[in-house]
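# Everything below, folded, please.
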Amino acid sequence: MPNYLNAPLRQYLDELASGEPTPGGGSAAGVSGSMAAALLCMSARFTIGRERYAAFDEAATRVVTVAESLRAELQILIEEDAVAYAQYGAAMVLPKGTDEEKHSRHLALQAATSASALAPMAIARHSYRLLELAGILAANCNPNLVSDVAVATEMAISAFRSAVLNVRLNLRYLEDADFVAQLTNELAPMVEQAPTLAETALNTAYSVMKLPVEGV
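Numbering: from 1, shown residues only. A predicted model of the protein is given here:
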């Protein structure tokens with residue numbers, strides 16, 4: 001298991017930029033989602049317990065509780081996505097000289113590809129939830145922090161779209177039709193609704209900031 005979370009940020013970025021296959025885009029999506037969650041937590045914490053924003057206290061408290069949980073999950077997935085891809089790489093170099101070896105290699109590749117779909121699927125699921133939270137917090141936030149909610153929204157939708165891309169790429173190589181259908185069916189409503197959630201959060205945030213909306 002890589003140890004990205006306990007290493008310096010520079011080291012992670014150097015590894016991301018290297019000629020090695022991991023970490024890659026799936027792991028980077030986890031980073032983006034984690035940062036989105038962290039920004040929501042910060043924005044909520046600058047709202048909670050302040051007399052001037054007492055009307056926002058309950059909603060902001062709910063947001064920070066859920067966002068912290070999602071942040072913890074997404075941080076784990078930064079590493080789990082890299083592990084899954086490393087398993088795929090290991091399966092690719094298995095021997096294939098005999099029919100038995102070919103069969104074993106094929107099974108290992110299918111298992112590794114399934115794992116490579118599940119990690120970004122979880123990132124997509126959690127990032128989608130962050131978009132829901134961003135919409136809530138944008139309307140219930142210390143106005144001095146609402147720009148951070150907007151940034152969190154942009155990072156969450158980026159994480160979501162990047163994760164969906166990785167899920168779909170892996171699913172097309174899988175033979176388990178039930179597994180493919182399960183993930184495809186779960187993705188469909190999220191893919192449909194995610195842009196609307198992002199647009200709602202950004203429209204609200206930009207309205208508070210009294211700025212023209214960008215990037216919607």
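
# Spatially central residue for the chain, please.
Geometric centre of the chain, nearest residue: residue 123, 3.5 Å, by CA atoms, centre = their mean.

# so which helix or strand takes in that one?
helix 99-138 (DSSP states H and E).

# For the residue nearest to the centre of the chain, give me its contacts.
By CB atoms under 8 Å, 6 or more residues apart in numbering, the residues touching residue 123 are 26, 29, 30, 33, 74, 77, 81, 159, 160, 162, 163. Yep, even glycine has a C-beta here, placed from its N, CA and C like the rest.

# neighbours of residue 142, just the number please.
Applying the criterion other CB atoms under 10 Å, we find 21 residues in the vicinity of residue 142.

# hmm, what's the outermost residue in this structure?
Distance-from-mean max, the chain, by CA atoms, centre = their mean: residue 98 at 40.3 Å.

# Check the spacing between it and residue 90 real quick.
According to CB to CB, to the nearest Å, residue 98 stands 19 Å off from residue 90.

# before we move on, what about residue 11?
Residue 11 is 23 Å from residue 90, by CB to CB.

# and if you look at residue 162?
24 Å.

# mind listing the helices for this structure?
Secondary structure of the chain by DSSP state H: the helices cover 9-17, 25-45, 57-92, 99-138, 146-171, 177-209.

# if you compare those helices, which one is most tucked away?
Greatest average neighbour count among those goes to helix 25-45 (a mean of 25), per mean count of other CB atoms under 10 Å.
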